[in-house]
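1. Got a predicted structure plus its sequence, pasted below:
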Amino acid sequence: MNRRPGLSARLKLTISYAGFLLLASALLLAVVWLYLLRYVPDSPKGLLQVAPNRYLLKRMFAPAAATALAFLLMFGLLGGWILAGRMLAPLTRIADAARMAANGSLSHRIHLEGTKDEFRELADVFDTMLEQLESHVGEQQRFAANASHELRTPLAISKTLLDLARNGPTRDQSELIERLHTANTRAIDLTEALLLLSRADRRSFTCEVVDLSLIAEEATETLLPLAEKRQITLDVTGEKAQTLGSAALILRMVTNLVQNAIVHNLPSGGTVTVHTESQHDASVLRVENTGHRVPAELLPTLTEPFQRGTERTRTDEHAGVGLGLAIVHSIVRAHDGTLDLAPRPTGGLLVTIRLSGTPQASSPSGAH
């Protein structure tokens, strides 16, 4: 909402105190005019007259001046107290909001009214900070709760299998060992994904020049056996697209995207296309796959941790831990890039990632 510009707080204080000083000076001059000059005889025709005697000046002017000064002092204290209270009231509201936030209440907002000055700007910035902090804390709490829930499942399965192995020695031990191995593998994968997600959120990595086209080729080569098993065709196209970032994190990002595109595809005969290109000062990666139609209302949930859309959930060995696109989103955000998800009209998903380019990326280069 547009707000009309107002006087700055500094200018308001300057005008206010100057006004009080002007009023004090006017009162003092009025006292001098009324109580002193009236006793100084006029000098008609330019004749020099004898000055009023000291007794009259002390007797008539001094009490009036003292009374005026006392009145000015009381008026200045009262007026200054009221004025300072009115001018500093926004700071009191901001301090109260900060105190409530320190006590754990992040839902309170200042919502300072009036024209836009320094205090209003400070209050608006503080409200924005509280909103972002509340959202971040809520997201972390949900993430911790979901992570605990997800980790509890494989651990509970492991405990149950161990109890069966201890209490039922006649059971098929090889089957128990295989199921226990599967549960432990899932727990390890989930733990590694959580650590990777935390690392990306902290931005604790060293930046280097990374070519998205080479990363795309490496990721697709790694996942080629999975694609062949599912009868999915992988196609890598495009040109050199360089960016600054962590090669390991970007490789994990592209690998997650391609693996999701393979897993969430047609039962057979599907395709996955990975394309890289340079656009002005950005390096672009696109991953497009065939598959079932993705409802528009499902898109915002795909990058949330542990939020698996029912239409996209797989129950096989590549079901994942619910962090694939969440990790992608976190890595893109850590590299100050953008992530865009769009459903394809014929089914499947188009994922577009834009990262900041490098000077080398803007130079002409041939396609791979």
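-> Structure's in. What do you need? Numbering: from 1, shown residues only.
2. Glu121 falls within a strand, correct?
-> No: assessed by DSSP: H, G, I helix; E, B strand; the rest coil, Glu121 does not belong to a strand; its assignment is helix.
3. For the protein, which helix or strand comes out least confident on mean pLDDT?
-> Every helix and strand of the chain was ranked by mean pLDDT, DSSP states H and E. The lowest is helix 54-56, at a mean of 58.
4. would you list every one of the strands in the stretch 251-368 of the chain?
-> With strands called from DSSP state E, counting those that start in this stretch, the stretch 251-368 of the chain shows them at 271-279, 282-289, 338-343, 349-356.
5. now Ser213, nearest residue through space, not along the chain?
-> Counting by C-beta to C-beta, 6 or more residues apart in numbering, Ser213 lies nearest to Thr276, which is 4.4 Å off, once chain neighbours are set aside. The C-beta positions use only the backbone N, C-alpha and C, and glycine is treated the same way.
6. The one you found against Gln242, yeah?
-> No: if you go by C-beta atoms under 8 Å, Thr276 and Gln242 don't touch, sitting 9.9 Å apart.
7. shared neighbours of these two, anything?
-> Residues touching both Thr276 and Gln242 (C-beta atoms under 8 Å, 6 or more residues apart in numbering): Leu212, Ser283.
8. Quick check on those two: which one has the bigger neighbour count.
-> The residue with more neighbours, out of Thr276 and Gln242, is Thr276; 26 against 23, by other C-beta atoms under 10 Å.
9. Once you drop chain neighbours, what's closest to Thr206?
-> Nearest to Thr206 is Ser246, by C-beta to C-beta, 6+ apart, at 6.8 Å.
10. Tell me, how many residues neighbour the one you found?
-> Burial of Ser246 is recorded as 21 neighbouring residues (other C-beta under 10 Å).
11. circling back: any idea which of the strands of the stretch 251-368 of the chain gets closest to Thr303?
-> Closest approach to Thr303 among these is made by strand 338-343 (7.0 Å; C-beta to C-beta).
12. Can you list the helices and strands that the closest one packs against?
-> Other helices and strands packing on strand 338-343, by 3 or more C-beta pairs under 8 Å, 6 or more residues apart in numbering; DSSP states H and E, are helix 324-334, strand 349-356.
13. right, so of these, which gets closest to Asp281?
-> strand 349-356 (6.7 Å).
14. Just the residues contacting that closest one, thanks.
-> Against strand 349-356 from outside (C-beta under 8 Å, 6+ apart): 212, 243-245, 253, 257, 261, 264, 279, 281-289, 291, 294, 328, 332, 335-344.
15. Buried among those? Make that a ChimeraX selection.
-> Here is the ChimeraX command that selects only those of those that count as buried (16 or more other C-beta atoms under 10 Å):
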select :212,243,244,245,253,257,261,264,282,283,284,285,286,287,288,289,291,294,328,332,335,337,339,341,343
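16. Would you map the helices across the stretch 51-200 of the chain?
-> 54-56, 62-102, 118-167, 173-202 (DSSP state H, counting those that start in this stretch).
17. I'd like those helices as CSV, with mean neighbour count and distance to Pro300 appended.
-> Listed next are the helices of the stretch 51-200 of the chain as CSV, based on neighbours: other C-beta atoms under 10 Å; distance: least, C-beta to C-beta, whole Å:
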stretch, mean neighbour count, distance to Pro300
helix 54-56, 9, 88
helix 62-102, 13, 28
helix 118-167, 14, 14
helix 173-202, 15, 18
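18. Nearest approach to Ile15 belongs to which of those helices?
-> Using C-beta to C-beta, the helices of the stretch 51-200 of the chain put helix 62-102 closest to Ile15, at 10.8 Å.
19. Pick out the residue nearest the middle of this protein.
-> Gln132 (5.5 Å; C-alpha atoms, centre = their mean).
20. Next, the contact list for it, please.
-> Counted by C-beta under 8 Å, 6+ apart, Gln132 has zero contacts.
21. I'd like the distance from it to Gln141, if you could.
-> Gln132 is 15 Å from Gln141, where distance means C-beta to C-beta, to the nearest Å.
22. Sort out which residues of stretch 102-111 are buried, please.
-> Leu106, Ile110.
23. I meant stretch 236-256, not that one.
-> Quick answer for stretch 236-256 (16+ other C-beta under 10 Å): 236, 238-247, 249-256.
24. circling back to that earlier point, among the helices and strands packed on strand 338-343, show me which one is buried the most.
-> helix 324-334 (a mean of 23; mean count of other C-beta atoms under 10 Å).
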